[in-house]
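Asks: Give me coordinates for this.
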Amino acid sequence: DTHLGGDDWDEVIVNWAADEFKKEQGIDLRQDRQALQRLREAAEKAKIELSSLMETEINLPYVTADASGPKHLLLKLNRAKFDQMTTHLVDRARKPFNAAIKDANLTVDKIDEVVLVGGATRMPMIQDLVRDLTGGKEPNKGVNPDEVVSVGAAIQGGVLAGDVKDVLLLDVTPLSLGVETLGSVMTPLIERNTTIPVKKTEVFSTAEDNQTSVDVHVLQGERPMAADNMTLGRFRLEGILAAPRGVPQVEVTFDIDANGILNVKAKDKASGKEQSVTITASTNLNKADIEKMVDEAARNRTADEARKELVEVRNQGDTIAYQAEKLVKDMGDKLTADQKSNVESKVKALREAIQGDDKARIQNLINALQNDLQTIGQAAYQEQGAPDETGGPQDNGHGNDEDVVEGEFREA
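Replies: Numbering: from 1, shown residues only. Predicted coordinates for the structure are as follows:
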């Protein structure tokens, strides 16, 4: 939670003190910029003191004035009251901890150390939270919490420069990375929380006959549909050799280096033509944006799955229709007029259904067309294998020996 920090605890004290002063004096210090700044400084001081003391005093003489003269603010705040007022902030700190444990597929007992980062972790309530979440494990206080991030950055800089050899800091991809495929579907190549550096390759093909180029749309996110994810980049690979759909092999490679820089390359395996794009901001989303995208994916999972299933059944229908049209064309006169008419009518009905949203109808038409294609295929093979008028091929042991390969059979 990148929007949660020590300032939030300061703000709670500021609002409490301003409300108490307003009750006594009828003046809202939050409307006076100079008074509010003094109050913020006093609130931070009180917060820090309550990390080591059980009670503190907020004393601001001459904080403001009205017609009757100057006003002074004098309040006492104890640790119990402070803890009570900030319970909601402590609860906000629980969520990222639980999410990190879940994403890492760990249990609390597998944690070796909990390192405190940031000055706000000096507050006893945060240290108590760590003990509560880890089953009593004492937080590691061996590093100054104000310097932890800078120390880690320095070590990582040493690792990348080759100066540090015995330390390895691991980073992960915060969101899945993939490409848009047929039907506007997001096909992930690198899943969320994959350790980097990482390199993944998948082979895709064309969606149309004689397609000589493909557009590569690079996406980031957790939603199954491309439009619901974030676009990182686009590029076109041209020079693909003309061929029937599904034949060309386009190799797409995602490569994230130790700096989090994403290199995406597409290569046509037949022609050797390739195109690439480098994306430097693939992991630069802030924590709030990442959590928002993950939460949206969770909230819309049911609807997203339904949309994805519809796209998949449409793609399946399109493939079956294409295969049926190719079969009719290839077999030509070998099909009877009835067979040809039956297949063509079902292909037409299936292509019309694909334009709609009735998944059950599309699936039924797919099944019906598949049954017809299987029947035609079986009949064709039976006709080829049927004996001729002379009784078919006979094995008398002395046939055409040129095509006979002698083999050796041995019991294992």
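Asks: Figure out how far stretch 106-120 is from the centre of its chain.
Replies: Centroid displacement of stretch 106-120 relative to its chain, using Cα atoms, centre = their mean, to the nearest Å, is 24 Å.
Asks: go on, stretch 95-108?
Replies: Remark: stretch 95-108 is offset 16 Å from the chain centroid, using Cα atoms, centre = their mean.
Asks: State the mean pLDDT of that stretch.
Replies: Stretch 95-108 carries an average pLDDT of 84.
Asks: List the buried residues of it.
Replies: Going by neighbour count (16 or more other Cβ atoms under 10 Å), the buried part of stretch 95-108 is residue 101. Just so you know, the C-beta spots here come from the backbone N, C-alpha and C atoms, and that holds for glycine as well.
Asks: now do stretch 240-254
Replies: Going by neighbour count (16+ other Cβ under 10 Å), the buried part of stretch 240-254 is 240, 243, 245, 248, 250, 252, 253, 254.
Asks: Just name the closest of those residues to residue 194, please.
Replies: Nearest to residue 194 out of the buried residues of stretch 240-254 is residue 254 (Cβ to Cβ; 10.0 Å).
Asks: hmm, back to that, turn the buried residues of stretch 240-254 into a markdown table, including distance to residue 86.
Replies: Formatted as a markdown table, those follow (distance: Cβ to Cβ, whole Å):
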| residue | distance to residue 86 |
| --- | --- |
| 240 | 61 |
| 243 | 66 |
| 245 | 61 |
| 248 | 61 |
| 250 | 55 |
| 252 | 49 |
| 253 | 49 |
| 254 | 43 |
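Asks: of all those residues, which two lie farthest apart?
Replies: Using Cβ to Cβ, the buried residues of stretch 240-254 span at most 25.0 Å, a distance reached by 243 and 254.
Asks: Let me know the next secondary structure element after the helix or strand where residue 155 lies.
Replies: Using DSSP states H and E, residue 155 sits in helix 148-161. Moving toward the C-terminus from helix 148-161, the next helix or strand (DSSP H and E) is strand 171-172.
Asks: Now that next one: average pLDDT?
Replies: Averaged over strand 171-172, pLDDT sits at 80.
Asks: try stretch 51-62
Replies: Averaging pLDDT along stretch 51-62 gives 92.
Asks: Name the residues of that stretch that come out as buried.
Replies: Neighbour-count burial for stretch 51-62 [16+ other Cβ under 10 Å]: 51, 56, 58, 60.
Asks: still on that earlier bit, got the CA positions of the helix holding residue 155 in PDB?
Replies: Provided in PDB are the C-alpha atoms of helix 148-161 (Å, rounded to 0.1, in the frame of the first residue of the first chain):
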ATOM      1  CA  VAL A 148      16.900  -0.100   4.400                       C
ATOM      2  CA  VAL A 149      15.700   0.900   0.900                       C
ATOM      3  CA  SER A 150      18.900   2.900   0.100                       C
ATOM      4  CA  VAL A 151      21.100   0.000   1.400                       C
ATOM      5  CA  GLY A 152      19.100  -2.500  -0.800                       C
ATOM      6  CA  ALA A 153      19.500  -0.200  -3.800                       C
ATOM      7  CA  ALA A 154      23.200   0.100  -3.200                       C
ATOM      8  CA  ILE A 155      23.600  -3.700  -3.000                       C
ATOM      9  CA  GLN A 156      21.500  -4.200  -6.200                       C
ATOM     10  CA  GLY A 157      23.700  -1.600  -8.000                       C
ATOM     11  CA  GLY A 158      26.800  -3.500  -6.900                       C
ATOM     12  CA  VAL A 159      25.300  -6.800  -8.100                       C
ATOM     13  CA  LEU A 160      24.400  -5.300 -11.500                       C
ATOM     14  CA  ALA A 161      27.900  -3.700 -11.800                       C
END
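Asks: so how far is it off the chain centroid?
Replies: Centroid separation for helix 148-161 versus its chain: 27 Å, with Cα atoms, centre = their mean.
Asks: May I see the buried residues of that helix?
Replies: By neighbour count on 16+ other Cβ under 10 Å, the buried set for helix 148-161 is 148, 156, 159.
Asks: how about these in a markdown table, adding pLDDT?
Replies: As requested, those are exported to a markdown table (pLDDT from 0 to 100):
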| residue | pLDDT |
| --- | --- |
| 148 | 87 |
| 156 | 79 |
| 159 | 81 |
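Asks: counting contacts, what elements does the lengthiest helix in the chain pack onto?
Replies: What stands out as the longest helix in the chain, according to DSSP state H, is helix 301-331. For helix 301-331, the elements it packs on are strand 185-190, helix 337-354, helix 359-385, judged by 3 or more Cβ pairs under 8 Å, 6 or more residues apart in numbering; DSSP states H and E.
Asks: Cheers, nothing more for now.
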